[in-house]
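Engineer: Task: produce atomic coordinates for the following.
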Amino acid sequence: MPKSAPMTITVPLMNFIKVDGKGDPNSGEFQAAVSLLYGVAFTIKMSKMGKEQPEGYFDYVVPPLEGLWWIEGENFSLEDRDIWCWTLMLRQPEFVDEKAFEWARQSLAKKHPEYKIELIRFESFDEGLCVQVMHKGSYAAEPETMAKISAFITENNLIDAVSDGGKHHEIYLSDPRRGKPENMRTVLRHPVLQHPVLRHPVLQHP
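Structural biologist: Coordinates of the predicted model:
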């Protein structure tokens, strides 16, 4: 987890379950996507109680919700909520594969036919070199923290990949339904590229 000052990190390949959508996160579509993700995630986690436990299963805590955000054909802006595109996702343990995912997906569909089960998918994500920072406070105050990331990227001669097809990435460590907005913690992350004319690598945070 990052601190309040920006840092570089190389994020390895990881597996996720994902749901895509568009528009304001206060919409019903967004909330339905969250419910679908957690429905499948907890079906996999609680497989330990039945006969369909995946090979290599170990007990674990379901990781926090993550979101990738972008605007089609435009530079990303934290203010233009109505035209946001998003991918919500939950990281999966190493033992989860396509077979385990499909079993969980179909099991959830039988118990909750109201879910649009066709919207969820299992996919690997290799984010690579990024700059990230811990944002403390409300979502509305994120532009102030993102200014730190932008300054860090410029000072370290990096290129912000969000302007070239990358995604603004958030990891939600706090539940907005509980506690005060000023106490919420959210990891903000942007993929970056090394400047092609520079020969010296950026020092990685341990």
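Engineer: Would you map the helices across this protein?
Structural biologist: Remark: helices assigned in the chain by DSSP state H are 28-45, 98-111, 142-155.
Engineer: what sits up against the first one?
Structural biologist: This means helix 28-45. Here helix 28-45 makes contact (Cβ atoms under 8 Å, 6 or more residues apart in numbering) with 17-19, 21-24, 54, 59-60, 62, 65, 86, 88-90, 92, 96, 100-101, 104-105, 107-108, 112, 115-117, 119-120. To be clear about C-beta, it is placed using only N, CA and C from the backbone, and glycine gets the same treatment.
Engineer: Spit out the contact partners of residue 54.
Structural biologist: The contact partners of residue 54, taken as Cβ under 8 Å, 6+ apart, are 44, 47, 95, 96, 97, 99, 100, 103.
Engineer: Give me the pLDDT for the nearest residue to residue 101 once chain neighbours are set aside.
Structural biologist: Leaving aside its chain neighbours, residue 101 sits nearest to residue 122 (4.0 Å; criterion: Cβ to Cβ, 6 or more residues apart in numbering). As predicted, residue 122 sits at a pLDDT of 98.
Engineer: who's in contact with the nearest residue to residue 55 once chain neighbours are set aside?
Structural biologist: Distances taken as Cβ to Cβ, 6+ apart put residue 95 closest to residue 55, at 6.7 Å, once the chain neighbours are dropped. Residue 95 is in contact with 54, 55, 56, 57, 58, counting by Cβ under 8 Å, 6+ apart.
Engineer: Quick check: the farthest pair among the residues you listed?
Structural biologist: Greatest spatial distance in the contacts of residue 95: 55 and 58, 11.1 Å, computed using Cβ to Cβ.
Engineer: quick one on the thing from earlier: in PyMOL, how would I select just the buried ones from the contacts of helix 28-45?
Structural biologist: For the buried members of the contacts of helix 28-45, the matching PyMOL selection, counting by 16 or more other Cβ atoms under 10 Å, is:
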select buried, resi 17+18+19+21+54+65+86+88+89+90+92+96+100+101+104+105+107+108+115+117+120
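Engineer: Run a quick neighbour tally on residue 1.
Structural biologist: Counted with other Cβ atoms under 10 Å, residues neighbouring residue 1 total 8.
Engineer: before we move on, what about residue 47?
Structural biologist: For residue 47, using other Cβ under 10 Å, the count is 18.
Engineer: What separation do you get for the residue lying closest to it once chain neighbours are set aside and residue 46?
Structural biologist: Among residues not flanking residue 47 along the chain, residue 53 sits closest, at 4.8 Å (Cβ to Cβ, 6+ apart). Applying Cβ to Cβ, to the nearest Å, the value for residue 53 to residue 46 is 10 Å.
Engineer: Skipping adjacent residues, who's closest to residue 185 in space?
Structural biologist: Nearest non-adjacent residue to residue 185, counting by Cβ to Cβ, 6+ apart: residue 173, 4.3 Å away.
Engineer: Would you agree that neighbour is in contact with residue 188?
Structural biologist: No: using Cβ atoms under 8 Å, residue 173 is not in contact with residue 188, being 11.3 Å away.
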